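Chemist: The following comprises the amino acid sequence and a computationally predicted model.
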Amino acid sequence: MSTATQTSLALEMPSDTYLNSSYGVKSWFLTGDHKRIAVMYIVSISLMFLLGGVFATLVRLELLTPAGDLFQSDTYNKLFTMHGVVMIFGFLVPSIPVTIGNFLIPIMVGARDLAFPKINLASWYIYIIGMIFMLAAIISGGVDTGWTFYTPLSTQYLTTHVMFTAIGILIAGFSSIFTGLNFIVTVHRMRAPGMTWFRLPLFVWSNYAASIIMVLGTPVLAITLILVALERGLHIGIFNPALGGDPVLFQHMFWFYSHPAVYIMILPGFGVISEIIPCFARKRIFGYSAIAFSSIAIAVFGFLVWAHHMFIAGISTYSALIFSFVTFLVAIPSAIKVFNWTATLYKGSIHFDTPMLYALAFIGLFTIGGLTGLFLGAIGVDMHVTATYFVVAHFHYVMVGGMLVAYLAGMHFWWPKMTGRMYPEAPAKLSALIVFIGFNLTFFPQFILGYMGMPRRYHSYPPEFQVLNVLSTAGASVLAVGLLMPMFYMLWSLKYGEIAGNNPYRATGLEWQTTSPPPTHNFHETPIVTQEAYDYESQTEEVEVVG
Amino acid sequence: MSDSQTTTLQAHHHHDPSLLVQFDTAYQQKDASQFGMWVFLITEIMFFGGLFGAYLIYRNLYNPAFVAASTSIAIKWGAINTAVLICSSLTMAMGVHSAALGARKLLVFWLGATLVLGSVFLGIKGIEYYDKYTEHHIPGANFDFNYDRAEKGEKLVPADVATQTSIFFALYFAMTGMHALHMIIGAGILVFLIWRAYHGAYPPHHYTMVENFGLYWHFVDIIWIFLFPLLYLVSRSPVH
């Protein structure tokens, strides 16, 4: 949209913002302001993302050749484990909620802050402490259990730093619980006058659904990790077959959290897309309540599918059948969302700004990720492709093609709101294109590799798989370029970006009615809400008259 | 409506230092923090739920071992502790009531009584743990279920069942240990609350902290109400 460019000369930075209300180290590290905490989180999770990216790079380099020539198999085990642990617990689980969510949810519901600002700040410190434990484990030699910590491998056989890593994840989990708790209470109790449940932006709905999972799932992970630590440290026998313990029980408890955790990661992404699509299609979102309820449905069904990770772990046929069936059910609310976004695009006046490019990429990539999930939910197919690169490709399509792309879409979309300045459009569009191409080049070959039978988690492979692996590694370097670009031009824009003004996209929604960046308490007057957040149709008419 | 709200809000912010800036009214503030406490207790239920789930599975798998191990625990201490904890819930409820009435000294007294009862519980738990240590019933180090059963005139159990009792004791220590940890944290918060209450920090219009802590304390109590029968009373009925 060119509106921003045309009028930017006349725009000035607001005088009273959350960034200049106070200065100094203490004003940040002791802040209760959800926006400052969001900024602190953005910096922290970006660092973890870079670290996880380094491990990914090393993994892809090793897989360039069939022989295990770059690293010993032990080292390789550590690399993919630490890639998984850092990316999942350091980046993907917190990602959108603690950054964009933290920044926007109070503004979107018309509140001055989250319900519990001190708990919000505490969650950041707890996250940092968790990450310090994790980094300590990495620096002192790493861990090689795979991110899943399967027993009895993790409890009896390995001598690496399982304990440190588990404690780090346990601590980071509490940060997640605090965030979820804060969001739930804020959405229930802090809405502005007139902000009814069905006027809430869909971003709030999806973060609310993710918060329910954080609050219900994370404690189970906590107790599971405590039991692993007890088993490992004191040999109490609870997961040790020699003493009558059942390692499969660990898998049940672990996946009871870790499958819903996938929805912690993806649901906030759905929310971002639901905000961006109507804005750049200039249309009301299609099927608002269907999208809202589908988020809740995903949160509920998400708790009933965990054993589809265990079809080959010796669970009973009947329970496998039921878990397979419920897994298929999850596809329904997910598809509802995709259909509704597509229907929103239909006959919209579509603008291909950067956030929209990322959002469109999301729809395509997530659809592939979701549909291949159904292959894996079908017991027969799963027997064939489980523990192969097919699985790796599937969850990267969801986690990177879905979640990470949605995060980038959201960061671009709300960047002017957070910083007051626009990102540079040309390099941003280029980055979206490069990410899309690089991503597909990296992970599509892995579907084929997996289907041909290449197992995951090995540092060497038969030579006939090399061509596809070389393609994948080449794609990874393209993807890396695409992902590094935003880091540079976003930082650049902090100083040199055009001044954005309050509403550069002429978007609806409360966050666009306050200044960019917003003042410390978000609004100078508590807003009164009289309509839902997607009133694009009346706006479009107005523009047509002017144009 | 918003005008009147904005005015009340400013009035509050000027006159009531206990009203935090993000809230419009004292009612909203109290309501939000109590709601937050309930959500937190739900996370606690899920936390203990993992242990209860493991208990359910192993009790079904190894029922004879669970019966043998459960009957080896001194029911006396568990029963006394149950009574102690229920009394502490009563004193806690009285404390909340006193806070609502604005009776500062009574509040300090009831919170103090709760702290004493909580400490008694932990002391008795310590005695029980020590007994487990002398009986070699702590999984890991030198676990031997039959260690001194012959001397005590109890029937020795077969070797495989004796091994499986280790699972029972692992759960026993994990469950009562996590419960005791919650008690210890609770006791720490109680010390803080007593000190603050003594200095008059919880007037009748602003004692949500005491009320929320009460919810926590009752929750920890209820966990014990489930733990006691599950751990101490497996097949204790004389019919068996």
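Modeler: Perfect, thanks for sending it.
Chemist: which of the residues in stretch A:345-364 are buried?
Modeler: In terms of neighbour count (16 or more other Cβ atoms under 10 Å in any protein chain shown), stretch A:345-364 has its buried residues at A:345, A:348, A:350, A:353-363. No exception for glycine: its C-beta is placed from N, CA and C like everyone else's.
Chemist: now swap in stretch A:183-203 and tell me
Modeler: Residues A:183-192, A:195, A:199-203 are the ones in stretch A:183-203 that count as buried (16+ other Cβ under 10 Å).
Chemist: taking the buried residues of stretch A:345-364 one by one, which sit in helices?
Modeler: A:345, A:354-363 (DSSP state H).
Chemist: measure the nearest residue to residue A:98 once chain neighbours are set aside to residue A:410 for me?
Modeler: Leaving aside its chain neighbours, residue A:98 sits nearest to residue A:41 (4.3 Å; criterion: Cβ to Cβ, 6 or more residues apart in numbering or on different chains). Distance of residue A:41 to residue A:410, computed by Cβ to Cβ, to the nearest Å: 13 Å.
Chemist: Need the overlap of contacts for the two.
Modeler: Residues touching both residue A:41 and residue A:410 (Cβ atoms under 8 Å, 6 or more residues apart in numbering or on different chains): there are none.
Chemist: circling back: please identify the one among the buried residues of stretch A:345-364 that lies nearest to residue A:121.
Modeler: Nearest to residue A:121 among the buried residues of stretch A:345-364: residue A:355, at 28.9 Å, using Cβ to Cβ.
Chemist: what sits against the closest one?
Modeler: So residue A:355 contacts A:276, A:279-280, A:409-410, A:412-413 (Cβ under 8 Å, 6+ apart).
Chemist: now the ones in helices among the buried residues of stretch A:345-364 as CSV including pLDDT and distance to residue A:63?
Modeler: Supplementary listing: those in CSV, determined by pLDDT from 0 to 100; distance: Cβ to Cβ, whole Å:
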residue, pLDDT, distance to residue A:63
A:345, 96, 37
A:354, 97, 31
A:355, 97, 33
A:356, 98, 34
A:357, 98, 29
A:358, 98, 27
A:359, 98, 31
A:360, 97, 30
A:361, 97, 25
A:362, 98, 27
A:363, 97, 29
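Chemist: Which member of those is positioned nearest chain B?
Modeler: residue A:355 (29.1 Å; Cβ to the nearest Cβ).
Chemist: any idea how far the nearest residue to residue A:340 once chain neighbours are set aside is from residue A:122?
Modeler: Distances taken as Cβ to Cβ, 6+ apart place residue A:287 nearest to residue A:340, at 4.2 Å, with adjacent residues excluded. Using Cβ to Cβ, we find residue A:287 at a distance of 38 Å from residue A:122.
Chemist: what about the nearest residue to residue B:104 once chain neighbours are set aside, neighbour count?
Modeler: Nearest in space to residue B:104, with sequence neighbours left out and distances taken as Cβ to Cβ, 6+ apart, is residue B:200 at 5.8 Å. Number of residues near residue B:200 (other Cβ atoms under 10 Å in any protein chain shown) recorded here: 10.
Chemist: and if you look at the one 3 residues further on?
Modeler: Using other Cβ under 10 Å, residue B:203 is surrounded by 11 other residues.
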